[in-house]
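In: below: sequence and its predicted model.
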Amino acid sequence: NAGVTQTPKFQVLKTGQSMTLQCAQDMNHNSMYWYRQDPGMGLRLIYYSASEGTTDKGEVPNGYNVSRLNKREFSLRLESAAPSQTSVYFCASSDTAYNQPQHFGDGTRLSIL
Amino acid sequence: AQSVAQPEDQVNVAEGNPLTVKCTYSVSGNPYLFWYVQYPNRGLQFLLKYITGDNLVKGSYGFEAEFNKSQTSFHLKKPSALVSDSALYFCAVRDIYNTDKLIFGTGTRLQVFP
């Protein structure tokens, strides 16, 4: 069972470069999320999408854009990468019901020099 | 404001001993609580949840959690720790103003020594 798949797993960028992190889920979930994880800060929500065609800002959206391409795919774009965006990025998905857990991918480790 | 707190950055326990990882919450109304585990270089994995009903919730890998409304706590427990339980544990609560979202604690690293 694939679950939530993120690509790439690792990436090194130079300051000012752009890139898109890809995420796909095969569980037919309506909701999808992008988080960043930094030491000592837990997970912080960047953007989320409650359903196909909708996106909303989370706690730390600045410097990022997202696209909910279809029900399966939710991408995160860094238009002009900054060293402060060095982090581990996780995508997650969940069923809409309030009592359902989120399912996570294995992350993208992004370093910006 | 809604929040969860994990007061311990790290918990150390000997293999075979019981373990407890603490979580307290602050939510208006009924809380919907979750525990996740993260192994190195992996994403978070769902362990268990409390929605309603019995205060003792059983989950994956022999873990359980006790919901205590008067103490606003949801501590994770296991009767006998394994070295393989060593990981990062996160408590989370459903955001009641936007039920699509979870609010995560900062995590507790569990180290089980042989």
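Out: Looks like it arrived, so ask away. Residues are numbered from 1 along each chain as shown, chains lettered A, B, ... in the order given.
In: just the pLDDT for the residue nearest to the spatial centre of chain A.
Out: Nearest to the mean C-alpha position of chain A, by CA atoms, centre = their mean, lies residue A:34 at 2.8 Å. pLDDT recorded at residue A:34 is 97.
In: residues contacting it?
Out: By CB atoms under 8 Å, 6 or more residues apart in numbering or on different chains, the contact set of residue A:34 is A:21, A:23, A:45-48, A:58, A:64, A:66, A:74, A:76, A:89-91. Using the backbone N, CA and C atoms, a C-beta is placed for each residue, glycine as well.
In: and it, what element?
Out: Taking DSSP states H and E as the criterion, residue A:34 maps to strand A:31-37.
In: put the alpha carbons of the following helix or strand past that strand into PDB.
Out: Towards the C-terminus, the helix or strand next in line after strand A:31-37, according to DSSP H and E, is strand A:43-49. What follows is strand A:43-49, C-alpha atoms only, in PDB (Å, rounded to 0.1, in the frame of the first residue of the first chain):
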ATOM      1  CA  LEU A  43       5.100  20.400  13.000                       C
ATOM      2  CA  ARG A  44       3.900  23.600  11.600                       C
ATOM      3  CA  LEU A  45       1.200  23.800   9.000                       C
ATOM      4  CA  ILE A  46       2.100  25.600   5.800                       C
ATOM      5  CA  TYR A  47      -1.000  25.100   3.600                       C
ATOM      6  CA  TYR A  48      -3.900  22.800   3.400                       C
ATOM      7  CA  SER A  49      -6.600  21.800   1.000                       C
END
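In: can you list the buried residues in strand A:43-49?
Out: Buried positions in strand A:43-49, judged by neighbour count with 16 or more other CB atoms under 10 Å in any protein chain shown: A:43, A:45-49.
In: would you format these as a markdown table with pLDDT included?
Out: Formatted as a markdown table, the buried residues of strand A:43-49 follow (pLDDT from 0 to 100):
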| residue | pLDDT |
| --- | --- |
| A:43 | 92 |
| A:45 | 94 |
| A:46 | 96 |
| A:47 | 96 |
| A:48 | 94 |
| A:49 | 94 |
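In: keep only those that also lie close to chain B.
Out: A:43, A:45, A:48 (CB under 8 Å from any CB of the partner chain).
In: re the thing from before, the residue nearest to the centre of chain A bridge partners, please.
Out: On the basis of DSSP bridges, residue A:34 is bridged to residue A:47, residue A:91.
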